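J.: Structure of the sequence below:
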Amino acid sequence: MSRLTASGIIKIKTLTLALTSTLALTALVAPFAPALASTWWQPTPDQPIHWQWQIGDPFNASADLVAGVTVYDIDGFDTSSATVQYLHSLGCTVIAYFSFGTYENWRPDAAQFPLSVLGNSDGWPGEQYLDIRSQAVRTIMDARLDLAKSKGFDAIEPDNIDGWENNSGFPLTAQDQLNYNEWVASEAHTRGLSVGLKNDIEQITTLEPYFDWDLDEQAYQYSEYSSLSAFTSDKKAVFEVEYGDTTPQADVMNSMHVNSMTRDINLTAPTNSAYIRIPCTPDNQVDWNGAIVTPPTTQGDGNSGGNQRDNAGGNGDNNTPAPPSYVPPVHGGGGGGWNTDNNTAYRWDNWKGTNTKRHHGHRHHDRTGSPGSSTTN
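T.: Residues are numbered from 1 along each chain as shown. The predicted structure follows:
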């Protein structure tokens, strides 16, 4: 029969106390531990990703759904949690757009920015560059990430994180930008949010390991698209946008497995008369080789829409949105429905929208000047 000595009892008590302390410390730290990478959205370039980028008009789920689209990049402030939940119910991923590098005077947290962190205008009304070195700026951005998380967003598009290349009004260096951008990615991941690198293509190779996907503007126009391979070669998806009303980038981007489209400069809603959206890979195409979804067996009447939502179509009654898996072979304009064109897989039918404004980029630095030059044309 074994017998515990006094020293043995002391050892057991010491071990028990140590274990209890460890568990208590783990319980205290666990809520603040970073989420595992497998828990957030990490899109790949293996297949086309059909996406919509709408930040010029508030997103209206009853009018702005686009058939075939499974990823929506929409405003983080203007979009309600109910809308995010509705998009999730359709099987969609939802990205929250926030400017992380500029002050916008209409935002609900605008009064929280000290005057000392407000720099030069970025060329857009009501916007000024921020001093990204400031802790005050980081505190406000943390709150924005918390807001996105509370609303149920899956990911963050942090805009204007290339201020070091522009005439910001602050002596920002390349290292300042790297420090800030890496911090943004880390803070998003701590909350279990996916995060994309927005522009800053000059630092893309250094920043790629920190971000889950990339969103770049006018990479084709400025012959910078080869740099996008920093993400695709690491099995990370790239989204790309040109502005205008044609898709000269289509062959290049499709060959690189980059999800590219042409949009109107203000990224408006389908119901806006200035709306333009031409994806390089049609929204009913399921792989990079051109395979498409079989069209539905019924056709719209050209007035109320077939089974589509691009330019305010509907699925017959113009009220109930079609699910993303129910994809027409073409996108009608206005109330136009889908249509087939004999042996042609798809065509644009009644597509409308004229580009009323050309710009160097929706949120881009001046490519024709040196870093620090103004974005204003």
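J.: Now do residue 326, the pLDDT please.
T.: Reading off the confidence values, residue 326 has pLDDT 33.
J.: looking at this structure, which helix or strand is least sure?
T.: Lowest on mean pLDDT, DSSP states H and E among the helices and strands of the chain sits helix 6-29, with a mean of 44.
J.: and the next element down the chain from that helix?
T.: From helix 6-29 onward toward the C-terminus, using DSSP states H and E, the following helix or strand is strand 51-54.
J.: contact partners of that following strand?
T.: Residues from elsewhere that reach strand 51-54 (Cβ atoms under 8 Å, 6 or more residues apart in numbering): 64, 66, 69-74, 239, 241, 259, 261, 263, 267-269, 277. Every C-beta, even on glycine, is put in place using the N, C-alpha and C of the backbone.
J.: After it, heading C-terminal, what element do we hit next?
T.: strand 71-75.
J.: Report the next helix or strand after that next one in sequence order.
T.: Where DSSP H and E defines the elements, the next helix or strand beyond strand 71-75 is helix 81-89.
J.: need the helices for the chain, in chain order.
T.: Counting by DSSP state H, the chain has helices at residues 6-29, 81-89, 135-151, 174-190, 204-207, 229-232, 250-255.
J.: closest one to residue 163 among those?
T.: Residue 163 lies closest, by Cβ to Cβ, to one member of these: helix 174-190, at 6.8 Å.
J.: other SSEs contacting that closest one?
T.: Judged by 3 or more Cβ pairs under 8 Å, 6 or more residues apart in numbering; DSSP states H and E, the packing partners of helix 174-190 are helix 135-151, strand 155-159, strand 194-198, helix 204-207.
J.: any chance of the ones you listed in CSV, plus mean pLDDT, distance to residue 251 and mean neighbour count?
T.: Converted to CSV, these look like this (pLDDT from 0 to 100; distance: least, Cβ to Cβ, whole Å; neighbours: other Cβ atoms under 10 Å):
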stretch, mean pLDDT, distance to residue 251, mean neighbour count
helix 135-151, 98, 35, 16
strand 155-159, 98, 26, 25
strand 194-198, 98, 24, 26
helix 204-207, 98, 22, 17
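J.: Any chance of TSV for those, columns distance to residue 115?
T.: Shown next, in TSV, are the helices and strands packed on helix 174-190 (distance: least, Cβ to Cβ, whole Å):
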stretch	distance to residue 115
helix 135-151	11
strand 155-159	22
strand 194-198	26
helix 204-207	30
